[in-house]
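**Student:** have a look at this prediction, sequence included:
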Amino acid sequence: MTQLSVNINKIATIRNARGGNVPNVLQVALDCEKFGAQGITVHPRPDERHIKFKDVYDLKAQIKTEFNIEGYPSTDFIELIKSVKPTQVTLVPDAPDAITSNAGWDTKTHQSFLSDLIDEFRAMGVRTSIFTGTDPEIIEYAAKTGTDRIELYTEPYATFYPKNKEEAIAPFVEAAKIAKKLGLGINAGHDLSLENLNFFYKNIPYIEEVSIGHALISDALYLGLEKTIAAYKNCLK
């Protein structure tokens, strides 16, 4: 069964726009759990423009489902993971000023760097995932790092889905087959939505987890959070 992890960064973005604590990031996370989400994802960035490091500690103390922390492995990020020990850490090659994640790792170039991180996090009992594209060689080198999973960067799929969904999904199906053959667990995320999620799932039903934030929170403005989470979970059937 593919799990739904809700990325709550956008909730923090709205809160930070006015200061204070409205909307309440922790309460939204707890509500996501109550409404059926199987995980909570956050992506703290160095400038704390959405999720703040304090949020991460508050969430760790309260949420009962899987806790996934994404981010670029800077010194501060590594120390945060060591302190919080989430269920999963997803390593993303974001520059500090990136608006959003826009590429996967070059795991061949950065194999040694990633391998050392993976060893460190796994020794703490934290499941590891590396954000990647669909290039077979990149996936093979991801496996060589010892990571538990990869997260397929699905923005290219979402972009081409309206034009030709069969062509859009094809490289992801092949990438998932390679990852599975190499013994990697497979997550997916970025621009997945109510429009394209079910087709993705039906073609790759052994995806273990999808992490969805922007589209889900946007849909919740119209449908409400409870109905939106139910709709996304219905896409994973």
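**Tutor:** Sure thing, it's come through. Everything numeric in this text was worked out from a predicted model, so none of it was measured.

**Student:** if I pick Ile217, what's in contact with it?
**Tutor:** 8, 10-11 (C-beta atoms under 8 Å, 6 or more residues apart in numbering). For glycine as for every other residue, the C-beta is placed from the backbone atoms N, C-alpha and C.

**Student:** got a markdown table for those, with secondary structure, neighbour count and distance to Phe131 too?
**Tutor:** A markdown table is the format used below for the contacts of Ile217 (DSSP: H, G, I helix; E, B strand; the rest coil; neighbours: other C-beta atoms under 10 Å; distance: C-beta to C-beta, whole Å):
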| residue | secondary structure | neighbour count | distance to Phe131 |
| --- | --- | --- | --- |
| Ile8 | coil | 26 | 18 |
| Lys10 | helix | 19 | 19 |
| Ile11 | helix | 26 | 22 |
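
**Student:** tabulate these (CSV), appending distance to Leu114 and pLDDT.
**Tutor:** Formatted as CSV, the contacts of Ile217 follow (distance: C-beta to C-beta, whole Å; pLDDT from 0 to 100):
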residue, distance to Leu114, pLDDT
Ile8, 26, 98
Lys10, 28, 97
Ile11, 30, 98
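
**Student:** going by distance to Lys181, which of those wins?
**Tutor:** Distance to Lys181 across the contacts of Ile217 (C-beta to C-beta) is lowest for Ile8, with 33.6 Å.

**Student:** tabulate the CA atom coordinates of stretch 28-47 in CSV.
**Tutor:** Extracted in CSV, the C-alpha atoms of stretch 28-47 (Å, rounded to 0.1, in the frame of the first residue of the first chain):
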residue,chain,number,x,y,z
VAL,A,28,-2.6,21.2,11.0
ALA,A,29,-0.1,18.3,11.2
LEU,A,30,-2.2,16.6,13.9
ASP,A,31,-5.3,17.2,11.8
CYS,A,32,-3.7,15.6,8.8
GLU,A,33,-3.0,12.6,10.9
LYS,A,34,-6.5,12.5,12.2
PHE,A,35,-7.9,12.7,8.7
GLY,A,36,-5.9,9.7,7.5
ALA,A,37,-2.5,10.9,6.3
GLN,A,38,0.1,8.3,7.1
GLY,A,39,3.0,10.7,7.4
ILE,A,40,4.1,14.3,7.8
THR,A,41,6.9,15.9,5.7
VAL,A,42,8.8,19.1,6.3
HIS,A,43,11.6,20.7,4.4
PRO,A,44,13.4,23.3,6.6
ARG,A,45,15.6,25.7,4.7
PRO,A,46,18.5,27.7,6.1
ASP,A,47,16.5,31.0,6.0
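
**Student:** tell me what the most centrally placed residue in the chain is bridged to.
**Tutor:** A centroid search over the chain (C-alpha atoms, centre = their mean) returns Ser211, at 4.2 Å, as the residue closest to the centre. Beta-bridge pairing for Ser211 (DSSP bridges): Ser5, Gly189.

**Student:** before I go, just wanted to say thanks for your time.
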